[in-house]
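Enquirer: Here is the input, now give the coordinates:
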Amino acid sequence: MAILKRLDHLDVATADLADAAAVYEKNFGFKVTRSADGKTASMKIGDSEIRLAADDAAARAIAGAGEGMFGLWLEADDVEKVAAALGRSGIEPAPIRKEQGRRILAVDPKSANQVPLFIFDRKA
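Expert: I've put the predicted structure just below:
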């Protein structure tokens, strides 16, 4: 399979952004950076990031599965090669979409232990 380069970020849905941010600051010592709109916050961990979200996407995730992780984002050298490798493994990947300077491949959570998995490259 094509090599995945790194964990880019992990999305966490929360109903109370201020409370979730406080938990990460107090309990784990993270420096939490809040967005100007008050709907997201993030913490850097090395070259990766945890993103807390209380926006519309998070609300949909909470309605379906409750608070918690709703997106694992991995960076690859080439998502087309990843899609081809998944296909050879019997996993039917979604069509690659282009968004914000990236090509993004969504993997059905049923194929990834119920984890919403997104693999992207920067070849848009």
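Enquirer: Helices along this protein, start to end?
Expert: Taking DSSP state H, the helices of the chain run over residues 17-28, 56-65, 79-88.
Enquirer: among the ones you listed, which is nearest residue 6?
Expert: helix 79-88 (13.7 Å; C-beta to C-beta). Just so you know, the C-beta spots here come from the backbone N, C-alpha and C atoms, and that holds for glycine as well.
Enquirer: Who are the packing partners of the closest one?
Expert: Counting by 3 or more C-beta pairs under 8 Å, 6 or more residues apart in numbering; DSSP states H and E, the packing neighbours recorded for helix 79-88 are strand 102-107, strand 117-121.
Enquirer: So what's the gap between the last one and the chain middle?
Expert: Spelled out, that is strand 117-121. Relative to its chain's centre, strand 117-121 lies at 8 Å (C-alpha atoms, centre = their mean, to the nearest Å).
Enquirer: and it, what other elements does it pack with?
Expert: Applying 3+ C-beta pairs under 8 Å, 6+ apart, one finds that strand 117-121 contacts strand 68-76, helix 79-88, strand 102-107.
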